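Chemist: Predicted structure and sequence below. I'll ask about it afterward.
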Amino acid sequence: MSTTTVETPAAVTGQPSADAPTRKARSRERRSLSASLASHGILIVASLVALFPVGWLVYLSLGPDKDDYLHPGRIWDKMTLDNYSFVLQHTNFFEWMKSSLIVSLGTTVIGVLVAATTGYAVSRMRFPGYRKLMWVLLVTQMFPIAVLIVPMYQILSSLQLIDTYLGLILVYCSTAVPYSAWLLKGYFDTIPFEIDEAGRVDGLTPFGTFWRLILPLAKPGLAVAAFYNFITAFGEVAFASTFMLDDKKYTFAVGLQSFISQHDAQRNLMAATAVLVAIPVAGFFYLVQKNLVTGLTAGGTKG
């Protein structure tokens with residue numbers, strides 16, 4: 001008895017069966033689903049790692065005792081807002097806020113203006129020593145704060161700017177402007193030169209071209225520079241604690257030190273103050289966040 005094998009066209013020709021594309025599509029879907037789940041899992045873990053310190057600080061700020069950080073589990077049963085009411089009513093919190101905002105906003109406005117004009121000049125104009133100018137600005141970032149405090153104190157003392165907001169603003173600008181100038185120079189390089197030429201054809205002066213045409217196009221870069229200047233001035237401690245003598249002119253960063261003495265540390269009040277301090281920074285970040293990512297990426301495309 002003989003058997004006959006019937007071969008399908010796919011077997012005869014050696015081609016894959018009709019359901020092979022379907023299996024490949026399902027395999028790709030499984031791989032894409034696995035990759036999507038893995039990426040979302042990594043992002044969730046990264047978000048938890050980033051948010052945990054903030055959440056932990058808020059949690060500790062609700063503990064009524066200064067030693068509750070040693071036994072955080074006990075805070076849950078005795079949460080209170082007394083720390084916040086004490087900070088707002090019995091400290092110089094609002095004086096610290098006023099000083100911090102004056103210094104930070106002053107540093108932001110003056111620093112961004114100086115950095116923008118410097119970056120634009122180096123990006124567009126070719127004058128003797130323009131390359132050396134940018135390298136000199138970069139070299140100034142090499143010196144640690146401990147080395148700069150003494151000469152800066154002598155300069156401010158000779159100008160009678162010790163314990164003044166203007167003196168502290170100028171000090172912060174000296175540290176923030178070099179980096180901001182490099183950042184904005186790279187961003188201005190991405191703006192076509194034809195825009196400057198069009199401004200000159202329309203009769204604008206170089207400064208008019210810069211102010212009316214270039215700056216509106218450079219908003220993302222300006223937002224990054226403004227955020228950097230604001231954060232630099234808002235969170236700095238060494239210069240503020242050295243050059244500001246009146247406790248009512250302390251910034252937030254220096255005011256936090258008043259909760260620490262030689263034999264005691266009121267960590268619950270420090271935590272509550274730190275949470276309140278974060279509010280202005282979060283508000284400023286919200287204002288510039290639309291242009292922040294664009295400015296960070298576009299500013300590094302050209303050197």
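Modeler: Yep, that arrived.

Chemist: count of residues packed around Met125?
Modeler: Residues contacting Met125 under the criterion other Cβ atoms under 10 Å number 9. The way it works is simple: take the backbone N, C-alpha and C, and place the C-beta from them, glycine included.

Chemist: Ignore what I typed, I meant Arg267.
Modeler: Arg267: 20 neighbours (other Cβ under 10 Å).

Chemist: Mind telling me what element the nearest residue to Pro280 once chain neighbours are set aside is part of?
Modeler: Nearest residue to Pro280 in three dimensions, chain neighbours excluded: Leu101, at 6.7 Å (Cβ to Cβ, 6 or more residues apart in numbering). Leu101 belongs to helix 93-124 when assigned by DSSP states H and E.

Chemist: That helix: what's the following helix or strand?
Modeler: helix 130-139.

Chemist: which other helices and strands contact that next one?
Modeler: In terms of contacts (3 or more Cβ pairs under 8 Å, 6 or more residues apart in numbering; DSSP states H and E), helix 130-139 is packed against helix 93-124, helix 165-189.

Chemist: Now distance to Val49 and mean neighbour count too, for the ones you listed, in CSV please.
Modeler: Conversion of the helices and strands packed on helix 130-139 to CSV gives the following (distance: least, Cβ to Cβ, whole Å; neighbours: other Cβ atoms under 10 Å):
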stretch, distance to Val49, mean neighbour count
helix 93-124, 28, 21
helix 165-189, 27, 22
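
Chemist: Identify whichever of those lies nearest to Gly255.
Modeler: In terms of Cβ to Cβ, the element of these nearest to Gly255 is helix 93-124, at 4.0 Å.

Chemist: Show me what the mean pLDDT comes to for the closest one.
Modeler: Mean pLDDT, helix 93-124: 91.

Chemist: residue ranges with poor pLDDT in the stretch 201-303 of the chain?
Modeler: 262, 291-303 (pLDDT under 70).

Chemist: Tell me where it has helices.
Modeler: 206-209, 215-217, 219-235, 238-243, 252-255, 267-298 (DSSP state H, counting those that start in this stretch).

Chemist: and the lengthiest helix in the chain, how far out from the chain's middle?
Modeler: Across the chain, the helix with the greatest residue count (assigned by DSSP state H) is helix 20-61. Distance of helix 20-61 from the chain centroid (Cα atoms, centre = their mean, to the nearest Å) equals 25 Å.

Chemist: Over to stretch 71-87?
Modeler: 30 Å.

Chemist: Any idea how far apart the tips of it sit?
Modeler: Stretch 71-87 stretches 22 Å from its first residue to its last (Cα to Cα, to the nearest Å).

Chemist: got the helices and strands packed on helix 130-139 as a markdown table, with distance to Ile279 columns?
Modeler: As requested, the helices and strands packed on helix 130-139 are arranged in a markdown table below (distance: least, Cβ to Cβ, whole Å):
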| stretch | distance to Ile279 |
| --- | --- |
| helix 93-124 | 9 |
| helix 165-189 | 21 |
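
Chemist: To Val45, which of those lies closest?
Modeler: Of all the helices and strands packed on helix 130-139, the one in closest proximity to Val45, counting by Cβ to Cβ, is helix 165-189 (31.0 Å).

Chemist: Please name every helix or strand in contact with the closest one.
Modeler: helix 93-124, helix 130-139, helix 145-158, helix 219-235, helix 238-243.

Chemist: Which of those sits closest to Ala198?
Modeler: Between those, helix 93-124 lies closest to Ala198; by Cβ to Cβ that is 13.6 Å.

Chemist: and the angle for that closest one with helix 165-189?
Modeler: For helix 93-124 against helix 165-189, the angle by axes from the mean of the first three to the mean of the last three Cα atoms, to 10 degrees is 40 degrees.
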